[in-house]
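**Student:** Sequence and predicted structure are below.
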Amino acid sequence: MASLVSLALLSLILYFSLSAASRYHNKPSSGVLTDNNIISEACKASRDPLTCEAALSQSNDVPSNATILQVIQTATSVSSQNLNKARGMVQDILDASTGNQNRSRVAKSCLEILHYSDYRINLTDVALANGKIKDARAWMTAALAYQYDCWSGLKYVNQTSQVDETMAFMYSLTGLSSNALGMLVNYDNFGQKTEAWGPPKTERDGFWEGGSRASGSGFVGGVPPGLKADVTVCKGRGCTYNTVQEAVNAAPDYPVAGKQFVIEIRAGVYEETVRVPLEKKNVVFLGDGMGKTVITGSLNAGMEGVSTYNSATIGVLGDGFMASGLTIQNTAGS
């Protein structure tokens, strides 16, 4: 079962062109560029190789005779270091925004989601250290998505030089995180054969990882054989809950490692926004089929008090979330 939400985020984020050096003057920490072939090889995975090489060389964190994996670890470290600076800059915006409710709201939201980004980068490091490259890809994708959400929110309140400078730095930060993610994607697909490395391609480029648009599993909806639902959701009688959020709330906090909480969502249209909190791990949504089970919301960032991050129909913070056999939509503006 694939997470439709994660795949959509991966396609969007990898496609997002991140060339901070050419657009903004406020770049992360500078230093002397050194000649390091392994860095050049790794930065073939970047959409902006020159900026990638500069950032890694300037960090002075790439060991002598480094392996390609050590370069990737340095790339995530550089992202993390600059994320901490970005959080400080956003905090300064919040401190300076007394009396401006809209800017304060956006700054608070940014601080919240940058905290989540930091958490995901830490998980990336742990996954890398344990050789779990696909997990590292997933965590870095999430970390980058949170950073982009913060940048996207700030553009709606960009009336001061302070916000403009922070946006410039945030744009550079997303470039650094994109570099790390691009390396992870290439390492996952090609290993140390860097001659095959290049900027990641996505479905928008006509590329489907694995060579097929379909998983080949034949699964179209319902609960697969051998898997038992913990709770059920439907609009009428006969189910444990009537709303998806109630079912999520029933999931245990911080469950035993690897233990999934399976929610069977039967055919119907569920008009609600759903939040899967950080403490709800390994939650699984199983619908009766795409177009049959539909979760629909209508929030958008133009509404009072609603940020881009908070407008999602399904907002997931808990690790290990998966969804299949359902349609998730947002009807804002339709």
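**Tutor:** Right, received. Where do you want to start?

**Student:** For the stretch 201-334 of the chain, which segments count as strands?
**Tutor:** Using DSSP state E, counting those that start in this stretch, the strands found in the stretch 201-334 of the chain span residues 231-233, 261-265, 268-271, 274-276, 283-287, 293-297, 314-316, 322-324, 327-330.

**Student:** Distance to residue 115 and mean neighbour count for those strands - can I get that in JSON lines?
**Tutor:** (C-beta placed from N, C-alpha, C; glycine too.) As requested, the strands of the stretch 201-334 of the chain are arranged in JSON lines below (distance: least, Cβ to Cβ, whole Å; neighbours: other Cβ atoms under 10 Å):
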{"stretch": "strand 231-233", "distance to residue 115": "30", "mean neighbour count": "20"}
{"stretch": "strand 261-265", "distance to residue 115": "24", "mean neighbour count": "23"}
{"stretch": "strand 268-271", "distance to residue 115": "29", "mean neighbour count": "16"}
{"stretch": "strand 274-276", "distance to residue 115": "16", "mean neighbour count": "20"}
{"stretch": "strand 283-287", "distance to residue 115": "21", "mean neighbour count": "25"}
{"stretch": "strand 293-297", "distance to residue 115": "24", "mean neighbour count": "21"}
{"stretch": "strand 314-316", "distance to residue 115": "15", "mean neighbour count": "20"}
{"stretch": "strand 322-324", "distance to residue 115": "24", "mean neighbour count": "21"}
{"stretch": "strand 327-330", "distance to residue 115": "24", "mean neighbour count": "16"}
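
**Student:** closest to residue 163 out of those strands?
**Tutor:** Minimum separation from residue 163 across those (Cβ to Cβ) falls at strand 314-316, 24.5 Å.

**Student:** same question for that closest one, mean pLDDT?
**Tutor:** Strand 314-316 shows a mean pLDDT of 90.

**Student:** One more: stretch 184-203?
**Tutor:** Mean predicted confidence for stretch 184-203 is 89.

**Student:** And that stretch, what's buried?
**Tutor:** Buried positions in stretch 184-203, judged by neighbour count with 16 or more other Cβ atoms under 10 Å: 184-187, 194, 197, 199-200, 202.

**Student:** Same check on stretch 157-176?
**Tutor:** 157, 163, 165-176.
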